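Asks: build me a structure from this.
(chains A and B, ligands or ions: 2)
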Amino acid sequence: MKINEIIEKINARAATSLPEEDFELEKAFSSDLMSDVLTLEEENILLITGLANVQLIRTAEMANIDVVVLARGKKASPEMVELASENGLVILETPFSIYKTSGILYSNGLKPVY
Amino acid sequence: MAIELNFTIEGGDFSNAGKASSKIKKVLKQLNIEAKIIKKIVVAVYEAEVNVAAHAYSGNVKALVGENDVVVMVSDSGPGIENVELAMKEGYSTASKEVREMGFGAGMGLANIKRNTDELKIETKVGEGTTVTFSLNYS
Ligand SMILES: Nc1ncnc2c1ncn2[C@@H]1O[C@H](COP(=O)(O)OP(=O)(O)O)[C@@H](O)[C@H]1O
Ligand SMILES: [Mg+2]
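Replies: Ligands and ions are numbered 1, 2, ... in the order given. All right, here's what the predicted structure looks like:
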C-alpha cells in the first residue's frame, strides 16, 4: 500500500512531513512491545502501536521501520516528531484502535510480518 | 585505523538511551556497511543502552569501528547481575513497572544482543557494575 492510501483508509493525520515521493509498503506489524519489535528481521515495514514515546521512535530507527502508526488517538510529542524527522521516519496518528487499524490495512493488502 | 566513539548514559534516562546507537548507525552508514549488518549491531547497542537506563546507575558506551569489524563495550556502575545464565534466558526480567510501560522489560534484551553479534562477553560484579562487550565482523 502507498502511504497516502494508508492515511485515507485509517483516517490518519501525518505528524511528520511526508516523503516527496509516495512509496509502497508491503508489510506491517502490530505491537506495544519494543523488545519484540527489536527482534524483527524484516525491514522497511509499518508498525502499528498503542505506545507514543521517544523510545518508540528510537526503536523504529534501529529496526529500520519506515512508518509508525499511533493508534487510538495517541499524539506524537514534539520530541518524537523532531527525532523522527531527523531520521526520515513517518509518524501517522489514527483515531482507530490497533485492532481496527490492523484489520483495515490487512484487508487492503498490507501483509503481516509473521 | 579504528574510529573510536564514546558516549555516557545515565540510569533512568530513557530519552537519551539511543544516542550511542544512533550515532554508530550514522558512522556505519557512511562507511557503506550493508544495512542488515548495521541493523544487527545498532539493535545490540540499543538494547545494551536500554539496560543501563533500566537496570544501572550510570554507564558509558565505547565503540571501536574498524575496517573489518566493530567492537562495542558498554560499562556501568550498578547493581551487577547475580546470575548471568539466568539473565540471558529469554523472558527473565527484573525490570520495573515503569520500564515495562515503556515497551521494554520483556527479558529479551541480552538474548537479542547475543543473536545479533558474533561474540558476547558479560563481566559483572554484584554491587559494583557490569560490562557487556560484543563484536560483529562485517568483512
Ligand atoms: N546492565 C545491567 N545491570 C544490572 N542488571 C542487568 C543489566 N543488564 C541486564 N540485567 C539483568 O538481566 C535481566 C535480563 O536483561 P534483558 O535480557 O536485557 O531483559 P530486560 O532488560 O527486558 O529485563 C534484567 O532484567 C536484569 O535483571
Ligand atoms: Mg534489556
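
Asks: buried ones in the helix or strand hosting B:Lys114, by neighbour count?
Replies: Assessed by DSSP states H and E, B:Lys114 sits inside helix B:109-116. Within helix B:109-116, the residues that count as buried by 16 or more other C-beta atoms under 10 Å in any protein chain shown are B:109-114, B:116. To be clear about C-beta, it is placed using only N, CA and C from the backbone, and glycine gets the same treatment.

Asks: CA atoms only: put stretch B:128-135 into CSV for me.
Replies: C-alpha atoms of stretch B:128-135 as CSV (Å, rounded to 0.1, in the frame of the first residue of the first chain):
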residue,chain,number,x,y,z
GLU,B,128,29.6,-2.7,41.5
GLY,B,129,28.5,-3.0,37.9
THR,B,130,28.5,-4.7,34.6
THR,B,131,30.5,-4.6,31.4
VAL,B,132,28.9,-6.0,28.3
THR,B,133,31.3,-6.4,25.4
PHE,B,134,30.3,-7.6,21.9
SER,B,135,31.6,-7.6,18.4
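
Asks: in it, what counts as buried?
Replies: B:129-130, B:132-135.

Asks: quick check: bridge partners of B:Met73?
Replies: B:Lys62, B:Thr133 (DSSP bridges).

Asks: isn't it up against B:Thr133?
Replies: Yes. In this structure, B:Met73 is within contact of B:Thr133 by C-beta atoms under 8 Å, at 4.7 Å.

Asks: work out for me the element the residue nearest to A:Thr49 when sequence neighbours are not counted sits within.
Replies: Distances taken as C-beta to C-beta, 6 or more residues apart in numbering or on different chains place A:Asp32 nearest to A:Thr49, at 5.7 Å, with adjacent residues excluded. Using DSSP H and E, A:Asp32 maps to neither a helix nor a strand.

Asks: what about A:Asp32, distance to A:Ile98?
Replies: Between A:Asp32 and A:Ile98 the distance is 8 Å, computed by C-beta to C-beta, to the nearest Å.

Asks: what do those two both touch?
Replies: Common contacts of A:Asp32 and A:Ile98, defined by C-beta atoms under 8 Å, 6 or more residues apart in numbering or on different chains, comprise A:49-50.

Asks: all helices of the chain, in order?
Replies: The chain I'm using is chain A. Ranges of helices in chain A, per DSSP state H, are A:3-9, A:34-37, A:54-62, A:78-86, A:98-107.

Asks: switch to chain B, that's the one I care about
Replies: B:19-30, B:35-55, B:84-88, B:97-101, B:109-116.

Asks: what's the closest non-adjacent residue to the most centrally placed residue in chain A?
Replies: The residue lying closest to the centre of chain A (C-alpha atoms, centre = their mean) is A:Val68, at 1.6 Å. Excluding the flanking residues, the one nearest A:Val68 by C-beta to C-beta, 6+ apart is A:Leu47, at 4.8 Å.

Asks: show me what contacts that neighbour?
Replies: A:28-31, A:37, A:60, A:65, A:67-69.

Asks: switch to 10 Å and redo it
Replies: By C-beta atoms under 10 Å, 6 or more residues apart in numbering or on different chains, A:Leu47 lies in contact with A:28-31, A:34, A:37, A:40, A:56, A:59-60, A:63, A:65-70, A:89, A:113.

Asks: cool, B:Thr133 as well?
Replies: Taking C-beta under 10 Å, 6+ apart, one finds B:48, B:62, B:71-75, B:117, B:119-123 in contact with B:Thr133.

Asks: would you turn those residues into TSV with distance to A:Gly103, neighbour count and pLDDT?
Replies: Below are the contacts of B:Thr133 laid out as TSV (distance: C-beta to C-beta, whole Å; neighbours: other C-beta atoms under 10 Å in any protein chain shown; pLDDT from 0 to 100):
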residue	distance to A:Gly103	neighbour count	pLDDT
B:Ala48	36	29	98
B:Lys62	46	16	98
B:Val71	45	18	98
B:Val72	40	25	98
B:Met73	45	18	98
B:Val74	40	26	98
B:Ser75	46	20	98
B:Thr117	37	21	98
B:Glu119	43	12	98
B:Leu120	40	18	98
B:Lys121	45	10	98
B:Ile122	42	17	98
B:Glu123	48	14	98
